[in-house]
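[1] The amino acid sequence is not available; the structure is as follows:
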């Protein structure tokens, strides 16, 4: 056999190995999704954060939705099979109370409404939702003037 024949054989062998490597790399051996059940928590926002009925000045204040999400992640950083309703509820209740205390007594009227939801997931798919608690922010409500006389 001459030198060119060996070169063609080696080239063919290397090309075959390259194709085999590509095939092995891109072939899935099964479902890449985790198959176990996990519990996670999220907020279902019904009414966005408003100041005096508008989003115009909300950037001047801390958003209660953002703060609540952070409280959830601090209390329950990684979803697992058990969940921890007590810890998440306690963290959310404390965050709600702190926020209301921080902004009560001011001139601005803060409103927001959302629900804490417990999600049961199979892999990345939500298979069940359970609403645990509703948080309704109505801080410094505007009391309408009844138009009556104060002298009576």
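    Okay, I see it. No experiment lies behind these values; they were computed from the predicted model shown.

[2] quick one, helices of the chain?
    For the chain, applying DSSP state H gives helices covering 3-26, 64-75, 85-103.

[3] Please give the centre-to-centre distance between the last one and its chain.
    Relative to the chain's own centre, helix 85-103 is displaced by 17 Å; criterion: C-alpha atoms, centre = their mean, to the nearest Å.

[4] now the angle between helix 64-75 and it, please.
    140 degrees (axes from the mean of the first three to the mean of the last three C-alpha atoms, to 10 degrees).

[5] what residues are up against residue 96?
    64, 68, 135, 137 (C-beta atoms under 8 Å, 6 or more residues apart in numbering). C-beta: built from backbone N, CA, C; applies to glycine.

[6] 10 Å instead?
    64, 67, 68, 71, 116, 133, 135, 136, 137 (C-beta atoms under 10 Å, 6 or more residues apart in numbering).

[7] Tell me where this protein is predicted with low confidence.
    1-35, 146-152 (pLDDT under 70).

[8] Residues in a beta bridge with the residue nearest in space to the middle of it, which ones?
    Note on the chain: the residue nearest the mean C-alpha position is residue 42, at 5.3 Å, using C-alpha atoms, centre = their mean. Beta-bridge partners for residue 42, by DSSP bridges, are residue 117.

[9] Was I right to think it contacts residue 92?
    No. Using C-beta atoms under 10 Å, residue 42 is not in contact with residue 92; the gap is 11.6 Å.

[10] tell me, what's touching these two both at once?
    In contact with both residue 42 and residue 92: 69, 72, 116, using C-beta under 10 Å, 6+ apart.

[11] Of these, which is the nearest to residue 108?
    The shortest gap between residue 108 and any of the shared contacts of residue 42 and residue 92 belongs to residue 69, at 22.1 Å (C-beta to C-beta).
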